[in-house]
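Peer 1: Here is my input, please return the structure:
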Amino acid sequence: MANKQATSGSLSVAPAPWTCKCETYWLLFYARGPLPENVYDPLEAASAEFSDPAIAGEYRGGLGMIQIVRYSETPVGGYDELLIIPGYFDRPGGKKNWRVTRIYVSQRDTCYNGRKNWNFPKHLARFEFSHPPTQASSAPPTTLKVQVFPPDQKASRPFFTATLQPSRWLPQVPFSTKIASYVGMDVFLVQPPLPTGDKPDEELLCGTTEWMGSMPYLYSNKARGMWVDIESVKGSEAQGEGGEQQPLLDTRELEGWWPKSFEPWKIGLWLEEATLIVPESEEISS
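Peer 2: Numbers count the residues shown, from 1 in each chain. Just a heads-up that it's a prediction; the model follows:
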């Protein structure tokens with residue numbers, strides 16, 4: 001693990017590489033056409049270096065994914081994470097690679113270090129899971145509900161809700177991201193420079209000045225398929241006392257938090273007791 005040292009702003013610095021333990025769920029999709037709204041946080045959306053196709057590279061679509069990760073061990077402690085990779089983007093050097101455009105985490109230290117180490121555009125959110133991560137030698141829950149909320153404790157409605165059902169009929173199998181190279185996939189992540197948060201209390205939203213690339217490596221001996229159901233924010237109703245259904249709550253408070261256009265496949269990947277290694281990033285030049 002990387003060594004930590006406190007910054008003057010009470011945030012811990014944890015340089016790459018990171019070795020992490022986690023349980024993670026992958027929701028895959030294939031994207032065509034233009035990028036949907038809200039694929040960037042407003043901070044990154046306002047940065048031409050990060051979001052302007054003329055500067056940051058054209059979006060090319062293709063295979064993408066939503067990842068939900070529950071970290072039990074990292075250099076900055078445990079936390080939860082939600083991220084989206086919409087597909088491939090042009091990058092300096094005339095190539096195209098995957099890019100993380102939006103990523104939420106439940107902890108301040110990883111928000112700061114993810115931005116600083118790898119140009120991952122991390123922001124804070126609150127997470128709720130209907131069940132804890134699967135324990136060793138235990139079966140996973142029949143159904144897992146995942147909800148992600150704005151970080152404000154007053155926020156009562158999630159901007160992202162998924163119901164996951166791990167397969168119980170097929171055996172668990174080993175899985176490694178190295179398999180991607182065998183099927184001709186390039187999963188190298190290339191990230192544009194990040195803008196800096198513009199509010200006094202946003203020291204964790206540090207900015208960067210260079211393009212960065214990295215190849216995270218994940219493996220698990222307990223991989224299985226799962227059924228995926230994504231709940232639409234506009235399709236949910238509030239439940240009042242006694243169980244009666246109330247009119248739809250105002251959804252304006254959730255606008256801008258998550259893109260609505262990507263529809264993951266109904267079958268995804270459930271990975272237990274996984275190890276994730278995130279190496280030191282390399283500078284990407286033209």
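
Peer 1: Quick one: classify the nearest residue to residue 197 once chain neighbours are set aside as helix, strand or coil.
Peer 2: Computed as Cβ to Cβ, 6 or more residues apart in numbering, the closest residue to residue 197 that is not its neighbour in sequence is residue 205, at 3.0 Å. Where C-beta positions appear, they are placed from N, C-alpha and C, glycine not excepted. Recorded secondary structure, residue 205: coil (DSSP: H, G, I helix; E, B strand; the rest coil).

Peer 1: ok, residue 205 - contacts?
Peer 2: 43, 111, 112, 115, 123, 196, 197 (Cβ atoms under 8 Å, 6 or more residues apart in numbering).

Peer 1: Got phi/psi on the third one?
Peer 2: It stands for residue 112. Note on residue 112: backbone dihedrals following degrees, to the nearest 10 are phi -60, psi -50.

Peer 1: Can you give me the neighbour number for it?
Peer 2: 23 (other Cβ atoms under 10 Å).

Peer 1: Hmm, residue 11 and it touching each other?
Peer 2: Yes - if you go by Cβ atoms under 8 Å, residue 112 and residue 11 touch, sitting 4.8 Å apart.

Peer 1: Need the residues touching each of the two.
Peer 2: Common contact partners of residue 112 and residue 11 (Cβ under 8 Å, 6+ apart): 203, 204.

Peer 1: Quick check: next helix or strand after the least confident helix or strand in the chain by mean pLDDT?
Peer 2: Lowest mean confidence among the helices and strands of the chain (mean pLDDT, DSSP states H and E): strand 5-6, at a mean of 47. Downstream of strand 5-6, the first helix or strand assigned by DSSP states H and E is strand 12-13.

Peer 1: now that following strand, how far from the centre of its chain.
Peer 2: Computed by Cα atoms, centre = their mean, to the nearest Å, the chain-centroid distance of strand 12-13 equals 21 Å.

Peer 1: quick check: mean pLDDT across it?
Peer 2: For strand 12-13, mean pLDDT rounds to 95.
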